[in-house]
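Peer 1: quick one: sequence and predicted model below, then my questions.
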Amino acid sequence: MDRADVDLFEKLVAQLNGFYQELSILVKKSQNDAVNLFKLKFINGVLRQCNDLLGENYRPFPDFEVFSSDDLPSNSDVTFIISQYIECAEKFRADNIKQAGIWWIWDLDEDDDDDKIRTAPPKKLGR
């Protein structure tokens, strides 16, 4: 991991959380309605980037890459998949951070003391 990977990771997780919050509202209203093509385009773009960053070891489902725009998925299907990506992203983060004194920092490839990036502790301390 390097600084650019951390920046991308944090951006993607923020986007996943935003999608999740938005879709959770839609699921409560109409869980079986299809996600519109406009939203699906952005969701798929983020999922593609997540797949690249997370790699085979952290992707939630090896046989899933993105949603088909020919067969629009339901709000609940997309919410389900995004929640799995959020959980796997946290596992990825937990495996790539370490404790340094009282802080948690990203375990970067560089050993430069000036290159420390603080982060929250892992959600599950048992890792």
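Peer 2: Arrived safely, thanks for sending.
Peer 1: and the next helix or strand past the longest helix that the chain contains?
Peer 2: With residue count as the measure and DSSP state H as the assignment, the chain has helix 3-30 as its longest helix. Scanning forward in sequence from helix 3-30 by DSSP states H and E, the next helix or strand is helix 37-58.
Peer 1: give me the contacts around that following helix.
Peer 2: 5, 8-9, 12, 15-16, 19, 35, 59, 62, 65-67, 69, 72-73, 78, 81-82, 85, 88-89, 91-92 (CB atoms under 8 Å, 6 or more residues apart in numbering). Where you see a C-beta, it was placed from the backbone N, CA and C, and this is true even at glycine.
Peer 1: let's see 7 Å
Peer 2: 5, 8-9, 12, 15-16, 19, 59, 62, 65-67, 69, 72, 78, 85, 88-89, 91-92 (CB atoms under 7 Å, 6 or more residues apart in numbering).
Peer 1: tilt between that helix and helix 3-30?
Peer 2: With axes from the mean of the first three to the mean of the last three CA atoms, to 10 degrees applied, the angle from helix 37-58 to helix 3-30 works out at 130 degrees.
Peer 1: about what we covered before: buried subset of the contacts of helix 37-58?
Peer 2: For those, a burial check counting by 16 or more other CB atoms under 10 Å picks out 9, 12, 15-16, 19, 59, 67, 72, 78, 85, 88-89, 91-92.
Peer 1: where does this protein dip in pLDDT?
Peer 2: Within the chain, the ranges that satisfy pLDDT under 70 run 111-114, 125-127.
Peer 1: at 50 what do you get?
Peer 2: Where the chain drops to pLDDT under 50, the residues are 127.
Peer 1: residues contacting Ala34?
Peer 2: Contacts of Ala34 (CB under 7 Å, 6+ apart): Leu72, Pro73, Ser74.
Peer 1: from Leu72, how far out is it?
Peer 2: Separation of Ala34 from Leu72 (CB to CB, to the nearest Å) stands at 4 Å.
Peer 1: show me what contacts the residue lying closest to Asp115 once chain neighbours are set aside?
Peer 2: Spatial nearest neighbour of Asp115, excluding adjacent residues (CB to CB, 6 or more residues apart in numbering): Leu108 at 5.8 Å. Residues near Leu108 by CB under 7 Å, 6+ apart: Met1, Asp2, Arg3, Asp115, Ile117.
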